[in-house]
Every structure is written in C-alpha cells, then in structure tokens.
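Novice: sequence plus predicted model, see below.
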Amino acid sequence: MILPELIISLNVMIFITGVIIPLGIEKPLNMLKLPLISSIAAMLLSAVYFFCLHNSDPVLFFGGNFIIDKLAFYHIMIVNIVFLAAGIYMQEYFAKSMETDEHTAFHYRRFSMLWQGFQLMLIIVILSNNIGLSWVAMEATTILSAFLIISESDSLSLEAMWKYLLICSVGIGLAFIGTILVAAGGINTFSELYIHAEELNPKLILFAFIFIAVGYGTKAGLSPMHSWLPDAHSQAPTPVSAVFSGVMLNAALFIIMRYLPIVERAGGGSGEAHSILLLTGFLSLLFAAVFIPIQTDLKRLLAYCSVEHVGIIAIGIGLGGLGTTAALLHCLNHSLSKMLAFFASGSVIHEYGTRDMRKITGLMKRMPMWGTAFMVSMLALMGVAPFSIFISEFLIVKTAFTGGQYLLFGLFMLGTLAIFISMLKFTLEIAFKQGKPGKLTGRVGIADKAIIIISVAVLLLFGLWLPPDFFGFLEQAAQIIEGGLI
Amino acid sequence: MQHNLLILISLLIILSNLFLLGSSRTRAMLRGIAAQGVLLSILPFLFPMHKSGLVSIIVPAVLSITIKAILIPYFLHRVIQRVNTENALNPYIGYPVSVIIGLLISYGSFLFIEKLPFSYLSISPFTTSAAFASILIGMLIISTRRNVIAQIIGYLVFENAGFILGISISSTMPLFIEIGIMLDLLAGIFIMVVAVSRIHILFDSVGTQKLERLNK
C-alpha cells in the first residue's frame, strides 16, 4: 500500500512550504496565518490517516522506519487538534499584543517558521518506528521550540529558555544512551524489537529503559526532572504554553509507551518497567501537591498542574490493564482542558495586565466569556464530576482499587485531594471574589468563541457519555502498550 | 596494535576530561573540547567490525571531525570573543577538587564497568568506561560551573560520551539517522550559542548568577 507514504510526504511538504513562505511575506499578521493554514491541512490529512488504518493491522512504511497504528493515530489527532486550536487563538493573541509590543517582522517570521517546524517534528516523533529517528525528532523539538519561549523578549523568559534548553538537552542525551543500549542487539525498530524481545538481554534492556524513562521523562515533565517545566510554561507566550502542555509532554510520554511492551516482554512480564513509571508518576503528584498551594503566578499554577497530570498519566500506564486505557483517555482530556485553561488565562492576563492571582478578582463579572472558559477548564482540571477528566481519573482509581493496591489508591486520593483543595481556592477567588466593578473590554472573536464552546462541549460530552466506539478504539490502542505492536 | 590504540585513545579522552575540569578559563576549555573532537573522529576506524563497508566508517569520522572538532569550536570561539570581558567560571567546587572528583569517577567507572549489564557488548572495557566517566564528568561540569559557556562545554562532553558508547557497542542505525544525530547536535549548539549572546546582551554577563530569578 502506497497511501501512507504519500500522506506523510504530503504532510512533510506542507510544513516545509509553510516554513519557507514566511521568508517572502512582509506583514506580520499574514506570517501568523501560515501556522493556521498548515495545521488545517495537517488536520485534513490526519483524517486520511484514519482511512488507511481503519480496522487493519499496524501499517509499516518507508522501509519499516515509520508506523501508523491506533496508538499513533490517536496521538496524531491530539497534536493536530491542539495545534489547530492554538493556531486560531494565536491570531487574536498576537493581534492584541502587537498593539503594545514593538516586535519586528523578523520576530514574527521566526515564530511562524519555528512553530511549524516544531509541529512537523512532533508528528514525526509519533509516526516513527525507528528508535533512532524518534530520538532525532525529539531532540529537534527541543531545538526548534527553544526560541518560541523567548518571544516576549525579557530577562525572565530568557532564563526560562536557557533552563529548558540545557535541562532538556541533557535529558534527551540520557535518552540517547538508552537508545544506543537498546539498539546494541542490532535491531532498531519498535516493531522488530517487540517481536524479538525474548531474545534480548533482559538486564540490559531494563538498564537502558531507566535511561530512556529518565531522559524522555525529563521532556515529559515527570518528577524529579521537571524543574524546567514551570519556568518554560509560565514564561512562554500563551499559544506556546498550550502546545507545550497539551502536546509536547504527551509526545515524550508516547515514546516511553512505545518502549514499555518491549521491556516487559524482554523481562518476562516482571512489571519492573511499570514500577518505574508508577514511582515517577507518584513523585510528580507529590511535587505538584507541595508546590501548587504556594503559587502566586497564574501560568505557573497551570504549569505545576501539568506536572500533576503527566504524573497521573504515568500512574495510569504504570498500573496497566484498564489503567492504560484510562491514561490514554486522560491524555486527550488533559490536552483539551489545559489548552482551554491556558487560552483563558492568556486573555485574562492581557486584560488585567498582571499574572498575580491575588490581583485578578471578580473574573466572572468582568469577563464573562473567558471567565466561564476559565472556570470550566479549572474545574475539569481538578477532576470535578461532570467533566471527562473525572472519568479518566475515576477509572485509574478504580484500577488501583480493584487490583488490591490500596496503598497506591490511598496515595493517589490524597495527592489529588490536596491539589483539588488549593486549586479550588485559587479558582473561586479569581472568579467570584469582589473585585473592581465594571466590565473589561476583552473582545472575544468568533473563532475564540468556537474554541471555547467546542472544547467545553467535548469535555462535558465525554464526561457524561463516552461513546462506546471511542472507548473501544482506546482499548485497542491501550492493547498496543499492554501487549505490543503486533 | 588496535587494542593498544584503543587504550591510548581512552586514556587521552580521560585526560582531556580532567583538563576540562581543571581549566579555569573558557578559552582553555575550548581547546580541550576541540582536542576531544579530534580523538573521537579516530574511533570509528578502530571498530571496523561494527561497520558494514568503508562508507559507514568514513561518514561518522568525517562528520565528527567537521562538526565536533571544527564547526562547534568555531561557534564557541566566536561567542567567547564576543563576551571577551568575562572569562571566569565561578565554580561551586574548586578546580583541584574537581580534578580529584574526575579522577575518582574515571577510576570508579573502570572498576564498575564489568558489573554493568552491557560490558559484554564491547571488545574494549576501556572505551566504555571512558564513555561512562564522560557522562558523569559532563554533568559535573554543567552543574558546578556558573558560566553558560562552560555549561555548553559540559554538555558537549556529555554528548561525546554518547558518541563513544555508540561507536564502541553498536552501530546498527541507518546512515541517515547517524547524520541526523550529528546535525541535531550542531543545531543544538548553534541555538545555545545564539542564546548565550542574547544572555550577554541582556545581562551584560555570561555568569548564571543572574539566571536564578525563577524559583519556587
């Protein structure tokens, strides 16, 4: 079948054109339309990916170096959805900030080019079947996204960028050593490694997996290597924070998910790799629970919240079984709600002119539309009942409880409860505490309204009624992590 | 003959690491890291059995000498010239102590390399233990030197360790991926160097003391 080769080539070509065109454009606003156009095209192409995958086995192409299966397709969809929404939001966001900032055309041209390169590399990370290619593309995402952070060029964002660049490069360097050790046996694709897993040296593979989990875990923001994350997420321009949180963390976890079945099968199902994920997952939860209550910066709060949710996803995968399916569902839920939360807080910060949560009050009265979006997304992130994050967290808790792991169950409840309390306090104060009277002008464009309404609707819909077909699809995707690729 | 050469090169790599730990100036560190780049480009010729054909030996060697021994040191040289005023590293740990720690790390990794589950893969325990020592020494430099240029050099030591390990235990990666790895490294260093000049313009310093405002 030639179809997947054709689609990915088209996909690459779209982004390469998108990267080249800004060189010939003079108006900054037009340069920023290109990321939107190319993510719409990528979105359309991902629909075609679905047809070449529909109800069939994983499709390998380009000499087995690329793969499309249900797991990859699901993550591609998350990438494209978040990038599309961020591309739409970006238009208003930069139109507003252009009124105050005096950035040059060079600045927006660089942003547009790097942004599209970043999206392309994330897509390659997910479609890659070759462990070396995954590494190369992952490292490229660090290099390309570093300069997206300092778009608001001040000293703090420069510091955040330097930390991001250095810590993530070292992390990815550790993953490189893990990759080399896995490839030492002479096989370098995920699917072949899984087939021959029983012939691999289990000790070597586990040793390598520690490097891989630490390395890609750094990029995913798993504790204790998350120290770059709050800085980068809080200092970056809002659309960048949204894709960092909603996509990049998932993509790094995705590579760990690809390695997991190989390590488990090589070790004869001893569950050691799962325990590593459980450990770092709970550490992340703990760090978030300790640091969330003392935050004053709104975007920093959301960043620590990302550490929490990445931890929850790792815990879900670490528990295995139903937990893996729940973790995959959690990826989408977290991406949608965190994206919405960042968009809302970006607009709020712009209108109030401060990021200090103590100074942002009476949001529901002063900015009803973004206020509602903020409330809904924060409630969803806390895991409140009618929203879909509640379902995925509930399923993870249920897995721990029915599996008889009461200690993990207790720790999970304790961690999420502590985070729930402090986030609820922050949210209520921001939304309802008596503030200055009078509405803020905050115009909400039609496209932004559409993003808010669609994401809230999806979060509610999946919380109230999860379509059985979709859940079945997730179960099959989880089967890939649980039982391997074939 | 080949075995002796491997021992010699491993020793030289360890020596260059110790030199980097002992230097108190970024210029000196630059010479050390360029020398290490030259040493690395010899390695592919000493492991011919891992490679299929002459091309797969020559390409990594040529890439390594152009990127690790010429281009990257050139970038770093340019940026060091630009930030000429400030050359000191302000380390958390003094230079003599750093060298002693480096020696202990190198000796320790040589002792423990047999215990690690991949030692059987390599024909020479010297190169793998040099690689492992380089990982730790690179991290030591990154975490104890309060100067962004020294941190980049520490990162290079760390990256070189991956290269040594890759050459000495496996090289099953397709050629396009090996090229990709090298280009990633080059682009990464380029971005870091640009970031350093930004930091220098904004703070008028390349020390990391001013990069410690985001905490908590």
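Specialist: Sure, I can see it.
Novice: show me what contacts the nearest residue to B:Leu214 once chain neighbours are set aside?
Specialist: Excluding its sequence neighbours, the residue lying closest to B:Leu214 (C-beta to C-beta, 6 or more residues apart in numbering or on different chains) is A:Asp231, at 4.6 Å. Quick note: C-beta positions are derived from backbone N, CA and C, even for glycine. Residues counted as contacts of A:Asp231 (C-beta atoms under 8 Å, 6 or more residues apart in numbering or on different chains) are A:Glu159, A:Ala160, A:Lys163, A:Tyr164, A:Ala303, B:Leu214.
Novice: how about those residues, which pair is most distant?
Specialist: Spatially, the most separated pair among those is A:Glu159 and A:Ala303, at 14.7 Å (C-beta to C-beta).
Novice: which of those two has more neighbours?
Specialist: A:Ala303 (29 against 23; other C-beta atoms under 10 Å in any protein chain shown).
Novice: contacting residues for the more buried one?
Specialist: By C-beta under 8 Å, 6+ apart, the neighbours of A:Ala303 are A:Leu229, A:Pro230, A:Asp231, A:Ala232, A:His233, A:Ser234, A:Ser241, A:Ser245.
Novice: which one of these sits closest to chain B?
Specialist: A:Asp231 (4.6 Å; C-beta to the nearest C-beta).
Novice: tell me which residues in the one helix or strand that closest one maps to are buried?
Specialist: Using DSSP states H and E, A:Asp231 maps to helix A:228-235. Within helix A:228-235, the residues scored as buried using 16 or more other C-beta atoms under 10 Å in any protein chain shown are A:Trp228, A:Leu229, A:Pro230, A:Asp231, A:Ala232, A:His233, A:Ser234, A:Gln235.
Novice: below-threshold pLDDT in the chain: ranges please.
Specialist: Using chain A here. Residue ranges of chain A with pLDDT under 70: A:1-2, A:54-56, A:102, A:151-153, A:441-442, A:484-486.
Novice: please refer instead to chain B.
Specialist: Chain B contains residues with pLDDT under 70 at B:48-52, B:85-87, B:119, B:170-172, B:215-216.
Novice: pull the longest helix from it.
Specialist: For chain B, the helix that runs over the most residues, judged by DSSP state H, is helix B:175-203.
Novice: quick one: terminal-to-terminal distance for stretch A:183-196?
Specialist: 12 Å (C-alpha to C-alpha, to the nearest Å).
Novice: isn't B:Ile72 right up against B:Gly37?
Specialist: Yes: the pair B:Ile72 / B:Gly37 is scored as a contact, 7.2 Å apart, by C-beta atoms under 8 Å.
Novice: quick one, which of those two is more surrounded?
Specialist: Neighbour count, other C-beta under 10 Å: between B:Ile72 and B:Gly37, B:Ile72 has more, with 26 against 23.
Novice: now that one: closest residue in space that isn't a chain neighbour?
Specialist: B:Ile189 (5.1 Å).
Novice: so what's the one you found up against?
Specialist: B:Ile189 neighbours (C-beta under 8 Å, 6+ apart): B:Ile72, B:Phe75, B:Leu76, B:Ile152, B:Leu156.
Novice: tell me the secondary structure for the second one?
Specialist: It stands for B:Phe75. Following DSSP: H, G, I helix; E, B strand; the rest coil, the label given to B:Phe75 is helix.
Novice: can you report how many residues neighbour it?
Specialist: 18.
Novice: for A:Asp469, see how far away the closest residue to it other than its chain neighbours is.
Specialist: What sits nearest to B:Phe75 in space, not counting adjacent residues and going by C-beta to C-beta, 6+ apart, is B:Val193, at 4.8 Å. Per C-beta to C-beta, to the nearest Å, B:Val193 is found 51 Å from A:Asp469.
Novice: okay, these two: which has more neighbours?
Specialist: A direct count of neighbours by other C-beta under 10 Å for B:Val193 and A:Asp469 places B:Val193 higher, at 21 against 8.
Novice: please name the nearest non-neighbouring residue to residue 138.
Specialist: Using chain A. In space, and not counting its chain neighbours, A:Met138 is closest to A:Val125: 5.4 Å by C-beta to C-beta, 6+ apart.
Novice: that's the wrong chain, I meant chain B
Specialist: B:Phe158 (3.0 Å).
Novice: equivalent analysis for B:Leu5, please.
Specialist: B:Leu46 is the one closest to B:Leu5 (C-beta to C-beta, 6+ apart), at 5.9 Å.
Novice: ok, the one you found - how many residues close by?
Specialist: 19.
Novice: B:Ile80 and B:Ala28 touch, don't they?
Specialist: No: using C-beta under 8 Å, B:Ile80 makes no contact with B:Ala28, being 10.6 Å away.
Novice: who's more crowded, the two?
Specialist: B:Ile80 (21 against 14).
Novice: buried stuff in the strand or helix carrying A:Phe462?
Specialist: Assessed by DSSP H and E, A:Phe462 sits inside helix A:446-464. Residues of helix A:446-464 classed as buried: A:Asp448, A:Ile451, A:Ile452, A:Ser455, A:Val456, A:Val458, A:Leu459, A:Phe462, A:Gly463 (neighbour count, 16+ other C-beta under 10 Å).
Novice: residues in contact with the last one?
Specialist: Meaning A:Gly463. For A:Gly463, the contact set (C-beta under 8 Å, 6+ apart) comprises A:Ala385, A:Pro386, A:Phe387, A:Ser388, A:Ile389, A:Phe390, A:Ile391.
Novice: is any residue of stretch B:101-108 near chain A?
Specialist: No: counting by C-beta under 8 Å from any C-beta of the partner chain, chain A is not contacted by stretch B:101-108; separation bottoms out at 15.9 Å.
Novice: which parts of that stretch are buried?
Specialist: B:Ile101, B:Gly102, B:Ile105, B:Ser106.
Novice: could you do stretch A:260-270 as well?
Specialist: In stretch A:260-270, counting by 16+ other C-beta under 10 Å, buried: A:Leu260, A:Pro261, A:Ile262, A:Val263, A:Glu264, A:Arg265, A:Ala266, A:Gly267.
Novice: likewise for stretch B:14-30?
Specialist: For stretch B:14-30, burial by neighbour count (16+ other C-beta under 10 Å) applies to B:Ile14, B:Ser16, B:Asn17, B:Leu18, B:Phe19, B:Leu20, B:Leu21, B:Gly22, B:Ser23, B:Thr26, B:Met29, B:Leu30.
Novice: ranges for the helices of chain B?
Specialist: B:2-22, B:26-46, B:55-64, B:72-82, B:95-112, B:125-144, B:148-169, B:175-203.
Novice: relative to B:Leu89, which of these is closest?
Specialist: Nearest of these (C-beta to C-beta): helix B:148-169, 5.0 Å.
Novice: in space, what's closest to the residue nearest in space to the middle of chain B - neighbours in sequence excluded?
Specialist: What sits nearest the mean C-alpha location of chain B, by C-alpha atoms, centre = their mean, is B:Val157, with 1.7 Å. With sequence-adjacent residues excluded and distances taken as C-beta to C-beta, 6+ apart, B:Val157 is closest to B:Gly138, at 3.7 Å.
Novice: ok, how many other residues are close to A:Leu411?
Specialist: Neighbours of A:Leu411 (other C-beta under 10 Å): 17.
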